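1. sequence and computational prediction follow.
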Amino acid sequence: MPMFCAVYNCSNRSTREKEKSFFRIPKVVVHKGEKCRKLTEQRRKKWISNLRLRSGGAESVYSRVCSDHFVRGVPSALGDVESVDWADGQARLRNN
Ligand SMILES: [Zn+2]
């Protein structure tokens, strides 16, 4: 199953753009305590609001966000909330 970038206006896919990375929309983690649940919930919301996802985007198990939408090409670690790439480049997010 090829992976597609779920961002509106982005047509990158894993079969054609082989040099790019594709990342899942972060899930809410519920079994590692309240702090972790809140943080992951916040992160997921932020990804969804920062990105203009195609309809059904975040819900599909095949949804990915390609490395074009991160300033450094990869999302940062969950605990690294100050990073520009914690939620896909935030203000610097590129939609096309
Ligand atoms: Zn993309």
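-> Perfect, I can see it now.
2. give me the pLDDT value at residue 44.
-> For residue 44, the pLDDT comes out at 91.
3. count of neighbours near it?
-> By the criterion of other Cβ atoms under 10 Å, residue 44 has 17 neighbours. From N, CA and C alone the C-beta is placed, and that goes for glycine too.
4. which residues touch it?
-> 25, 26, 27, 28, 58 (Cβ atoms under 8 Å, 6 or more residues apart in numbering).
5. how about a markdown table for those, with pLDDT added?
-> Shown next, in a markdown table, are the contacts of residue 44 (pLDDT from 0 to 100):
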| residue | pLDDT |
| --- | --- |
| 25 | 88 |
| 26 | 88 |
| 27 | 89 |
| 28 | 92 |
| 58 | 71 |
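6. could I get the phi/psi values of the residue nearest in space to the middle of the chain?
-> Taking Cα atoms, centre = their mean as the criterion, residue 25 is the residue nearest the geometric centre of the chain, at 4.3 Å. As for residue 25, its main-chain torsions (degrees, to the nearest 10) stand at phi -70, psi 130.
7. tell me how far it lies from the ion.
-> 12 Å (Cβ to the ion, to the nearest Å).
8. test my guess that that residue contacts residue 69.
-> No - proximity of residue 25 to residue 69 does not meet the contact threshold set by Cβ atoms under 8 Å, at 11.5 Å.
9. how about the strands in the chain?
-> Using DSSP state E, the strands of the chain run over 4-5, 22-23, 63-66.
10. for the last one, C-alpha coordinates in CSV please.
-> In other words, strand 63-66. C-alpha atoms of strand 63-66 as CSV (Å, rounded to 0.1, in the frame of the first residue of the first chain):
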residue,chain,number,x,y,z
SER,A,63,-2.8,9.1,6.3
ARG,A,64,0.7,10.5,6.4
VAL,A,65,2.3,13.9,6.4
CYS,A,66,5.4,14.1,4.3
